[in-house]
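>>> Fold the stuff below for me.
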Amino acid sequence: MSQRLKIYFASDQHLGAPTQEKSFPREKKFVAWLDEVKKDADAIFLLGDLFDFWFEYKTVVPKGFVRVLGKLAEIRDSGTPIYFFVGNHDLWMHDYFEKELNIPVYHKPKEFTFNDKVFLIGHGDGLGPGDKGYKRMKKVFTNPFSKWLFRWLHPDLGVKLAQYLSVKNKLISGDADVRFLGEDNEWLVLYSKRKLKTKHYDYFVFGHRHLPMTIDLGQNSTYINLGDWIGYFTYGVFDGEKFELKEYKN
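Down below sits the predicted model:
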């Protein structure tokens with residue numbers, strides 16, 4: 001890392017929801033943010049649900065999103081590392097980003113170290129206690145046979161069906177009551193505290209909750225949730241010494 005260390009984090013843009021047309025202003029805003037942070041970014045982490053739906057057929061990917069994909073390609077081609085963690089809405093991502101954009105894709109939380117600070121980074125879905133129904137469904141969705149069956153649907157039908165079901169999610173349709181549940185009920189906080197029993201992490205950085213929050217876990221460890229790009233437009237930045245959550249107001 002350079003002396004001007006700046007690492008940026010963003011999550012949950014849900015581009016395409018509730019429609020391509022309605023999410024277009026958010027896509028332009030996110031591209032403007034990428035244009036701004038590329039000036040001093042040593043690395044950019046995207047923590048999942050960049051798209052409200054994504055499925056990679058053998059020779060087809062979903063239509064649209066050319067501005068954000070083009071900007072990611074530009075930044076990566078300039079030499080800035082970009083890391084992508086799949087979320088629960090784009091968990092069917094395979095190797096398109098790796099082959100086309102040279103952006104590694106991770107399906108599980110991964111550990112990174114910057115300036116002697118240890119990070120555990122991921123999207124956050126299915127972690128911690130509870131949410132057993134989703135965990136069962138995730139096993140179904142990620143099963144190779146399930147993906148094989150879905151691939152047999154014509155893309156026009158498969159994408160339309162998946163988008164319809166995705167928008168039914170209250171977090172995306174806009175009528176969800178996203179609120180802080182308290183440390184004892186936030187599954188990702190409990191997950192982070194459990195991880196601390198076996199290894200020290202300076203920062204746990206996740207998305208998924210659509211609620212920006214920073215929680216002191218004790219033991220010089222901090223849990224951060226990045227919020228979203230639907231209502232909050234928040235992102236994280238680590239400058240080598242401290243981690244901050246900020247709002248993009250452009």
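>>> Tell me the secondary structure of Lys195, please.
With DSSP: H, G, I helix; E, B strand; the rest coil as the basis, Lys195 sits in helix.
>>> which stretches of this structure form strands?
7-10, 43-46, 82-85, 105-106, 110-114, 117-121, 203-206, 212-218, 221-226, 234-238, 243-247 (DSSP state E).
>>> Buried deepest among these, which one?
Among the strands of the chain, ranked by average contacts under mean count of other Cβ atoms under 10 Å, first place goes to strand 203-206 (a mean of 26). Every C-beta, even on glycine, is put in place using the N, C-alpha and C of the backbone.
>>> average pLDDT across that strand?
The average of the pLDDT scores along strand 203-206 is 98.
>>> and if you look at stretch 105-116?
95.
>>> so where's this structure uncertain?
The model of the chain has pLDDT under 70 over residues 1-4, 130-152, 155-156, 158-177.
>>> returning to that earlier point: can you lay out the strands of the chain as CSV showing distance to Lys63?
Shown next, in CSV, are the strands of the chain (distance: least, Cβ to Cβ, whole Å):
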stretch, distance to Lys63
strand 7-10, 23
strand 43-46, 20
strand 82-85, 20
strand 105-106, 20
strand 110-114, 30
strand 117-121, 30
strand 203-206, 29
strand 212-218, 31
strand 221-226, 27
strand 234-238, 27
strand 243-247, 31
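>>> Figure out which of those strands is closest to Ser23.
Of all those, it is strand 7-10 that lies closest to Ser23, at 15.2 Å by Cβ to Cβ.
>>> which residues are contacting that closest one?
30, 33, 37, 41-47, 114, 121, 205, 224, 226, 229, 235-238 (Cβ atoms under 8 Å, 6 or more residues apart in numbering).
>>> What strands line up against it, and which way round?
Here strand 7-10 is paired, per DSSP bridges, with strand 43-46 (parallel), strand 234-238 (antiparallel).
>>> can you put those strands in JSON lines and add distance to Arg194?
Shown next, in JSON lines, are the strands paired with strand 7-10 (distance: least, Cβ to Cβ, whole Å):
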{"stretch": "strand 43-46", "distance to Arg194": "22"}
{"stretch": "strand 234-238", "distance to Arg194": "22"}
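>>> what about these, which gets the closest to Thr19?
strand 43-46 (22.0 Å).
>>> looking at the strands of the chain, which is closest to Glu183?
Closest among the strands of the chain, using Cβ to Cβ: strand 212-218, at 6.5 Å.
>>> quick check: angle from the closest one to strand 243-247?
Per axes from the mean of the first three to the mean of the last three Cα atoms, to 10 degrees, the angle that strand 212-218 makes with strand 243-247 is 160 degrees.
>>> Strand 212-218 packs against which elements?
On a contact count with 3 or more Cβ pairs under 8 Å, 6 or more residues apart in numbering; DSSP states H and E, strand 212-218 meets helix 187-196, strand 221-226, strand 243-247.
>>> What helices and strands are in contact with the last one?
The elements that strand 243-247 packs onto, with contact taken as 3+ Cβ pairs under 8 Å, 6+ apart, are strand 212-218, strand 221-226, strand 234-238.
>>> cool, and the longest one?
With contacts defined as 3+ Cβ pairs under 8 Å, 6+ apart, the packing partners of helix 187-196 are strand 203-206, strand 212-218, strand 221-226.
>>> Would you mind telling me which of the ones you listed is nearest Pro62?
strand 221-226 (23.3 Å).
>>> Starting from that closest one, tell me which strands it pairs with and how they run.
In the sheet, strand 221-226 lines up against strand 203-206 (parallel), strand 212-218 (antiparallel) (DSSP bridges).
>>> residues making contact with the last one?
Going back to what we said before, that points to strand 212-218. Contacts of strand 212-218 (Cβ under 8 Å, 6+ apart): 180, 183, 186, 189, 192-193, 196, 204, 222-227, 232, 234, 243, 245.
>>> Cool, thanks, signing off.
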